[in-house]
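Q: How does the following fold in three dimensions:
(one chain, ligands or ions: 2)
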Amino acid sequence: MNLGSMGEGKQVDAIFTTIALPKGKLGKDALKLLATAGLPVEGVDTETRQLVFPFPDASLRYIICRPTDVPTYVEYGAADLGIVGKDTLVESGADVFELVDLGFGYCRFVLAAPRIKWEEAGQSLETLLSISRRVATKFPRVAANFFAELGQQVEIIKLHGNIELAPQVGLADLIVDIVSTGRTLKENDLVEVASIFPATARLIANRVSYRIRYRELYSLVEKLRQASQSLN
Ligand SMILES: Nc1ncnc2c1ncn2[C@@H]1O[C@H](COP(=O)(O)OP(=O)(O)OP(=O)(O)O)[C@@H](O)[C@H]1O
Ligand SMILES: O=P(O)(O)OC[C@H]1O[C@H](OP(=O)(O)OP(=O)(O)O)[C@H](O)[C@@H]1O
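A: Ligands and ions are numbered 1, 2, ... in the order given. The predicted model follows:
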């Protein structure tokens, strides 16, 4: 919920609905979803330096965020709605409503190991984990939950990208990362040794604004839900 300026030099107290859009891999599909839902998208680009796109006639504005920041903008109410990968959402631990599985941006979390280590362990996860204790990941919360469920104690090393590098230079024995085509694992001679959970893009909402502005937001959410169904 935000107070916006309505142009013509005239300041009007208009309540904009703010939607946080991710730049990067999900940006294009997010814009396609908005267009399919009949929302304005003229001139919106998730990859430029313009970070706010207001549409006063529709009382709507989009803000362009780093994907990992989308849950934060929504949780704090700087955005009413947001589009974010389930992977990022779970990792953030943000207290938001998860409203719609939008279907695009499919990937899945895996535990992966260097092929040679996996073979040395006789392709047994138990054996592998008895000799491999350091895990590199961009997703420490997801990794910690996964190992806690297995009842395994490991050391988790947080990285910000190119996770597949860590086992090649001895920083870690294993990685927890998202996989889509599997190409990156293959190119780095890593193999999936356990599947954790799948992820797709989600529509999320700020808990307070979704309650207070239920009517407007519900109608927007339904348009987006129907658009996602028609695209999948
Ligand atoms: N290889 C992939 N194939 C398909 N979807 C992916 C892939 N990698 C990531 N995703 C999905 O796209 C989302 C955004 O990924 P992207 O690489 O654009 O940003 P990021 O680097 O994870 O975020 P940040 O820049 O904030 O760290 C991920 O959270 C995930 O849901
Ligand atoms: O299975 P694939 O289709 O090869 O995709 C998987 C890769 O995509 C993601 O990386 P990203 O491109 O987001 O870069 P990052 O390492 O900087 O996170 C993920 O972390 C893998 O490295």
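Q: Got the phi and psi for the residue nearest to Leu129 when sequence neighbours are not counted?
A: Using C-beta to C-beta, 6 or more residues apart in numbering and skipping residues adjacent in sequence, the residue nearest Leu129 is Gln152, 5.4 Å away. From N, CA and C alone the C-beta is placed, and that goes for glycine too. Dihedral pair for Gln152: phi -110, psi 140, per degrees, to the nearest 10.
Q: roughly how far apart are Gln152 and Pro167?
A: Distance of Gln152 to Pro167, computed by C-beta to C-beta, to the nearest Å: 17 Å.
Q: of the two, who's got more company?
A: Of the pair Gln152 and Pro167, Pro167 is the one with more neighbours under other C-beta atoms under 10 Å, namely 24 against 15.
Q: Would you agree that one is in contact with Ile175?
A: Yes: counting by C-beta atoms under 8 Å, Pro167 does reach Ile175; the two are 6.3 Å apart.
Q: between those two, what contacts are shared?
A: Counting by C-beta atoms under 8 Å, 6 or more residues apart in numbering, the common neighbours of Pro167 and Ile175 are Ala113, Ala136, Leu190.
Q: Just confirm the first one contacts Ala194, I think it does.
A: Think Ala113. No: contact criterion C-beta under 8 Å: Ala113 and Ala194 do not qualify, at 9.4 Å.
Q: Of those two, give the one with the bigger neighbour count.
A: Ala113 (27 against 16).
Q: Which helix or strand contains that one?
A: strand 107-114 (DSSP states H and E).
Q: can you tell if that strand touches ligand 2?
A: No: contact of strand 107-114 with ligand 2 (C-beta under 6 Å from any ligand atom) is absent, the minimum separation being 6.8 Å.
Q: before we move on, the earlier item: ligand 1: which of the shared contacts of Pro167 and Ile175 is nearest?
A: Among those, Leu190 lies closest to ligand 1 (C-beta to the nearest ligand atom), at 14.4 Å.
Q: measure that closest one to Leu111 for me?
A: Counting by C-beta to C-beta, the gap from Leu190 to Leu111 is 10 Å.
Q: Within range of ligand 1, give me the residues from this structure.
A: Residues of the chain lying near ligand 1 (C-beta under 6 Å from any ligand atom): 22, 24-26, 66-68, 85, 87-88, 105, 107, 178, 180, 199.
Q: and the residues you listed, which of them are in helices?
A: Asp87, Thr88 (DSSP state H).
Q: of the residues of the chain next to ligand 1, buried ones?
A: Among the residues of the chain next to ligand 1, those classed as buried by 16 or more other C-beta atoms under 10 Å are Pro22, Gly24, Leu26, Pro67, Thr68, Gly85, Asp87, Thr88, Gly105, Cys107, Ile178, Ala199.
Q: want to throw the residues you listed into JSON lines with pLDDT?
A: Shown next, in JSON lines, are these (pLDDT from 0 to 100):
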{"residue": "Pro22", "pLDDT": "98"}
{"residue": "Gly24", "pLDDT": "98"}
{"residue": "Leu26", "pLDDT": "98"}
{"residue": "Pro67", "pLDDT": "98"}
{"residue": "Thr68", "pLDDT": "98"}
{"residue": "Gly85", "pLDDT": "98"}
{"residue": "Asp87", "pLDDT": "98"}
{"residue": "Thr88", "pLDDT": "98"}
{"residue": "Gly105", "pLDDT": "98"}
{"residue": "Cys107", "pLDDT": "98"}
{"residue": "Ile178", "pLDDT": "98"}
{"residue": "Ala199", "pLDDT": "98"}
